[in-house]
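Peer 1: have a look; sequence and predicted model below, questions after that.
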Amino acid sequence: MKALVTGGGGFLGGRIVRMLCDRGDEPIALGRSSYPDLEALGVRTIRADIRDPEALRRACEGVDVVFHVAALAGVWGKRSDFQSINVEGTRIVLNACRGAGVGRFVYTSSPSVVFGSQPLCGVDESHPYPRRYLADYPASKAAAERLVLAANDRRLSTVAIRPHLVWGPGDPHLVPRIVERARSGGLRQVGDGANLVDMTYVDNAAEAHLLAADALTPDARCAGRPYFISQGKPVVLWGWINDLLQRLGVDPVSRRISPAVATTVGAVFEMVYAVFRIQSEPPMTRFVVGQLCKSHYFDISAARREIGYKPRISMEEGMERLLSWMKSPNNCNSGRRGPSGV
């Protein structure tokens, strides 16, 4: 199978590329940088922006399946950038697939596309998109997901994969950011700490994409549908965070803030940063408050049933792999840097 992976040099995209290599497929990694580690594996890499129609058209020639992983992630930024990259970029990739005769399209979505202001407790894919979003990232991912699912037809079969909180060795976003905040004393527990949250080890998330691609045909049950992906069992978020910190020799989070106060603080920060056009991310936003204090976990029965997904790497095994990577002297992502990602 010849596969194009947009964002193929990133955390999840790179894992998809390596899994394709491991099973004898022919992956092509497309991104905005050079990726010598992938080239050393014999992977063809293409340096291009997903908003370049001609570059995407050329990249899609002779390809059997496109894994569209590239996106602008984060809880803050210009709305126009999220729209341009996540929505219009997805439209351009879809058009390139049609122009090149690609038959399958696997889109990396996010469970945040259904997160408004209420907790999500065991919901399945029938749960509707909210009327209003608290951040531009989930709004743009939802708009892009709608494009992808609406594009499904006999010529181009599409599917959307919604992995929740992807983590593991090589993570440049989620875990390093948590550890960095804790080390600096800037991490606060929001709420009573009892909220349940789904997570997804990176290998499991990548395998879900490959399973979806393998199952995808015009008549497949998964064609034109989204799928939640996770470990299959939620964790107590703040318990998991404190366990991670203790294993790394970092003091657990002891200071707390109420959701009401945190929401007010987040709203004020958003207003100030918007008025003064501050580009950096605010210390708190209303969307982040919701992620930190509310439960959000999902029913993955459909993914188990229709694409054969099951989380092969357990939370404990994943944690051991993560700790080994983070404690490695060669690891430069030891929790002291990294932008936010949701």
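Peer 2: Sure thing, it's come through.
Peer 1: can you map out the strands along the stretch 51-200 of the chain?
Peer 2: Secondary structure of the stretch 51-200 of the chain, counting by DSSP state E, counting those that start in this stretch: strands at 65-68, 104-108, 120-123, 157-163, 166-167, 189-190, 196-197, 200-201.
Peer 1: buried ones in the second one?
Peer 2: With burial defined by 16 or more other CB atoms under 10 Å, the residues of strand 104-108 counted as buried are 104-108. The C-beta positions use only the backbone N, C-alpha and C, and glycine is treated the same way.
Peer 1: could you do stretch 232-239 as well?
Peer 2: Per 16+ other CB under 10 Å, stretch 232-239 contains these buried residues: 232, 234-235, 237-238.
Peer 1: tell me how far the ends of it are from each other?
Peer 2: 17 Å (CA to CA, to the nearest Å).
Peer 1: so what's residue 208 closest to, chain neighbours aside?
Peer 2: Of all residues not flanking residue 208 in the chain, residue 229 sits nearest, at 4.5 Å (CB to CB, 6 or more residues apart in numbering).
Peer 1: closest one to residue 224 among the strands of the stretch 51-200 of the chain?
Peer 2: Closest to residue 224 of these, according to CB to CB: strand 157-163, at 6.2 Å.
Peer 1: wait, what's in contact with the residue nearest to residue 208?
Peer 2: By CB atoms under 8 Å, 6 or more residues apart in numbering, the contact list for residue 229 reads 161-164, 200, 204-205, 208, 300, 303, 309.
Peer 1: so how far does stretch 96-112 reach from one end to the other?
Peer 2: With CA to CA applied, stretch 96-112 spans 27 Å between its terminal residues.
Peer 1: check which helix or strand the spatially closest residue to residue 63 that is not a sequence neighbour maps to.
Peer 2: In space, and not counting its chain neighbours, residue 63 is closest to residue 4: 4.7 Å by CB to CB, 6+ apart. For residue 4, the enclosing helix or strand under DSSP states H and E is strand 2-6.
Peer 1: partner strands of that strand, parallel or antiparallel?
Peer 2: Next to strand 2-6 in the sheet, as set by DSSP bridges, lie strand 26-31 (parallel), strand 65-68 (parallel).
Peer 1: list the buried residues in whichever helix or strand comes after that strand.
Peer 2: Using DSSP H and E, the helix or strand that follows strand 2-6 in sequence is helix 11-22. Using 16+ other CB under 10 Å as the test for burial, helix 11-22 gives 11-20.
Peer 1: and the helix ranked longest in the chain, what's buried?
Peer 2: The residue-count maximum for a helix in the chain (DSSP state H) belongs to helix 259-275. Within helix 259-275, the residues that qualify as buried are 259, 262-263, 265-266, 269-270, 273, counting by 16+ other CB under 10 Å.
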